[in-house]
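Visitor: need a structure here:
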Amino acid sequence: MAVLKLTDQPPLVQAIFSGDPEEIRMLIHKTEDVNALDSEKRTPLHVAAFLGDAEIIELLILSGARVNAKDNMWLTPLHRAVASRSEEAVQVLIKHSADVNARDKNWQTPLHVAAANKAVKCAEVIIPLLSSVNVSDRGGRTALHHAALNGHVEMVNLLLAKGANINAFDKKDRRALHWAAYMGHLDVVALLINHGAEVTCKDKKGYTPLHAAASNGQITVVKHLLNLGVEIDEINVYGNTALHLACYNGQDAVVNELTDYGANVNQPNNSGFTPLHFAAASTHGALCLELLVNNGADVNIQSKDGKSPLHMTAVHGRFTRSQTLIQNGGEIDCVDKDGNTPLHVAARYGHELLINTLITSGADTAKCGIHSMFPLHLAALNAHSDCCRKLLSSGFEIDTPDKFGRTCLHAAAAGGNVECIKLLQSSGADFHKKDKCGRTPLHYAAANCHFHCIETLVTTGASVNETDDWGRTALHYAAASDMDRNKSLLGNAHENSEELERARELKEKEAALCLEFLLQNDANPSIRDKEGYNSIHYAAAYGHRQCLELVSCLVLFSLTHIYTQAPNHRGLHCGCPKF
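Guide: This is a model prediction of the structure:
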């Protein structure tokens, strides 16, 4: 809503704010427009209604002001008067035929506004003129929902006395009781229940009032509901109990109350996650985790995908919680369904402190995880140089290959992090090592268009014309780098076609830089692989115009020769080095 200084307002608006009827009459007499609109389509009558000045409202209406004028939000002067809790202003407007059923853009009537703003006297004026107090707004909420949400006991009492449906639900099937419980309005919760509100009601996602109160840390409401005997382990559609939600949101007082009442600390949800998993992962769940452990939570229980609470701390870097779990018997090298231990996960997400905790506690740095990779591979692949340093200091053999023959330097080259490559090289990594297909780290850097990695590897002695088992050099891979195959290189750009196109253009430019650098460093564009193709064939086949121009100027082929022999019928991706 636009706000101007009072001195910048039209004279009539200034006079209304000053509360001077005589000046207003004089301005109207001088043909000042009584229905003039500001930038938000508000009229002088909206201003008077906002101020609750009944005398000026009457004067403006008698001078021709439109009583049901709507601003940009479709709010009428009656909405404004009710929001200001001015009973007299409401009475004057209604006397002059103000529409008590007028809706704003959220479909809220003056009664909704009265309920939200504790305007009981205004509601008492409006309700007798309504056919129903159960009219819903755009979200399906009635006036009772708004009164409950805002904790207005007197308003709730009035609406119930006037026939409000206590179990009316909004578009998410939430009752007034859900909102009162979520906001912690104990008096309203008790009042609604005493009037017959269904204490076990569920919304569309299966959330009960206990779920609502627990998730938002409303301890007094939680206690009240528990004292009424509600089912403490009731689940929503995701299988989460109130204890799950309290742990997820770090509501330690609620967790303490629920566990004291006997909540099942090992209850799995639909994905197999227990409250302990949530406490291990959540931002503020440290004390919740301790409470659960002290109340017998299983520290080694695994979800359906094999993740233990220790895995969850590794994902989110909760290293103090990892210490608590380990001290209470958490299995250090527990593996998930992909074969990853917590150490693999911590390395993947770059949590150096947690890696230190795990290694100090005896974690196996030489255990294979996803795709047979070691923790060092994952740290290098994901550009976490500090984690690489920590893992190397633990004594892990730097050139240890995975089952595909790839070393951590292959991983760093594929991930595109120069700092990791330099660290590994300075630590003795052999950049001549080949995987089981004969590919060096330079092949990986070229296939993924990592210019600075190529530059670093070549500068330190990597051979630009080294061939793999198919006879392909780094130049072949750079010429054939496939943007569609390497969508992971483009981040989230694939979600937007324009962003994807821009990302593709940038990546193709980087591919051209890679080719140019390799050529400047004596890469031979005439070398053919075992199928008879050289780098120019691959550049043509993958539609890289810039790359094609770079290599074609150095190889004496006619265009006909290029396109008739280009491997369009098959892709290099069948043997492309990619993690």
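
Visitor: ok, the residue lying closest to residue 249 once chain neighbours are set aside - how many residues close by?
Guide: Spatial nearest neighbour of residue 249, chain neighbours left out: residue 215 (5.4 Å); criterion: C-beta to C-beta, 6 or more residues apart in numbering. In short, each C-beta sits where N, CA and C put it, glycine included. By the measure other C-beta atoms under 10 Å, the count of residues near residue 215 is 21.

Visitor: what residues sit buried inside stretch 295-310?
Guide: 295, 297, 299, 301, 302, 303, 307, 308, 309, 310 (16 or more other C-beta atoms under 10 Å).

Visitor: again, but for stretch 518-538
Guide: Neighbour-count burial for stretch 518-538 [16+ other C-beta under 10 Å]: 518, 519, 523, 525, 527, 529, 533, 534, 535, 536, 537, 538.

Visitor: what's the following helix or strand after the helix or strand that contains the first one?
Guide: Which is residue 518. Assessed by DSSP states H and E, residue 518 sits inside helix 497-520. On the C-terminal side of helix 497-520, the nearest following helix or strand under DSSP H and E is helix 535-541.

Visitor: output the contacting helices and strands for that next one.
Guide: Applying 3 or more C-beta pairs under 8 Å, 6 or more residues apart in numbering; DSSP states H and E, one finds that helix 535-541 contacts helix 474-479, helix 545-552, helix 559-565.

Visitor: now the helices for the stretch 301-450 of the chain?
Guide: With DSSP state H, counting those that start in this stretch as the criterion, the stretch 301-450 of the chain has helices at 309-316, 319-327, 342-349, 352-360, 375-381, 385-393, 408-415, 418-426, 441-447.

Visitor: need the ones you listed in TSV with mean pLDDT and distance to residue 54, can you?
Guide: Output for the helices of the stretch 301-450 of the chain, formatted as TSV (pLDDT from 0 to 100; distance: least, C-beta to C-beta, whole Å):
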stretch	mean pLDDT	distance to residue 54
helix 309-316	98	58
helix 319-327	96	61
helix 342-349	97	63
helix 352-360	96	65
helix 375-381	96	72
helix 385-393	96	69
helix 408-415	95	71
helix 418-426	96	72
helix 441-447	94	78
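
Visitor: so which of those comes closest to residue 186?
Guide: helix 319-327 (32.0 Å; C-beta to C-beta).

Visitor: just how off-centre is the closest one within its chain?
Guide: Chain-centre distance of helix 319-327: 26 Å, with C-alpha atoms, centre = their mean, to the nearest Å.

Visitor: now that helix against helix 352-360, angle please.
Guide: 20 degrees (axes from the mean of the first three to the mean of the last three C-alpha atoms, to 10 degrees).

Visitor: what is the orientation angle of helix 319-327 with helix 342-349?
Guide: Going by the same axes, to 10 degrees, helix 319-327 makes 170 degrees with helix 342-349.

Visitor: let's number from 783 now, not from 1
Guide: Okay, using 783 as the starting number, the last item reads as helix 1101-1109.

Visitor: the strands in the stretch 783-932 of the chain, which residues?
Guide: Assigned by DSSP state E, counting those that start in this stretch, the strands in the stretch 783-932 of the chain number zero.

Visitor: my guess is residue 1233 meets residue 1296, correct?
Guide: Yes: Residue 1233 is in contact with residue 1296 according to C-beta atoms under 8 Å; the separation is 5.1 Å.

Visitor: out of those two, which sits in the busier spot?
Guide: residue 1296 (30 against 22).

Visitor: quick one: pLDDT of the more buried one?
Guide: Here, the pLDDT recorded for residue 1296 equals 90.

Visitor: cool, and residue 787?
Guide: 67.

Visitor: so residue 1093 is in contact with residue 1126, correct?
Guide: No: applying C-beta under 8 Å, one finds residue 1093 not in contact with residue 1126, separated by 9.1 Å.

Visitor: show me how the protein divides into domains.
Guide: 783-913, 1081-1218, 1244-1361 (automatic domain parsing).

Visitor: and the ones you listed, which is most packed in?
Guide: domain 1081-1218 (a mean of 21; mean count of other C-beta atoms under 10 Å).

Visitor: in the stretch 933-1082 of the chain, mark out all the helices, start to finish.
Guide: 935-943, 958-965, 968-976, 991-997, 1001-1009, 1024-1030, 1034-1042, 1057-1063, 1068-1076.

Visitor: what is the second one packed up against?
Guide: For helix 958-965, the helices and strands in contact under the criterion 3+ C-beta pairs under 8 Å, 6+ apart are helix 925-931, helix 968-976, helix 991-997, helix 1001-1009.

Visitor: would TSV of the ones you listed with distance to residue 875 and mean pLDDT be doable?
Guide: Shown next, in TSV, are the helices and strands packed on helix 958-965 (distance: least, C-beta to C-beta, whole Å; pLDDT from 0 to 100):
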stretch	distance to residue 875	mean pLDDT
helix 925-931	19	98
helix 968-976	29	98
helix 991-997	37	98
helix 1001-1009	38	98
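
Visitor: and the ones you listed: which comes nearest residue 1023?
Guide: Across the helices and strands packed on helix 958-965, closest to residue 1023 is helix 991-997 (C-beta to C-beta), at 7.9 Å.

Visitor: list the buried residues for the closest one?
Guide: 991, 992, 993, 994, 995, 996, 997.

Visitor: output the domains of the chain as a markdown table; include the columns distance to residue 978.
Guide: Listed next are the domains of the chain as a markdown table, based on distance: least, C-beta to C-beta, whole Å:
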| stretch | distance to residue 978 |
| --- | --- |
| domain 783-913 | 19 |
| domain 1081-1218 | 40 |
| domain 1244-1361 | 48 |
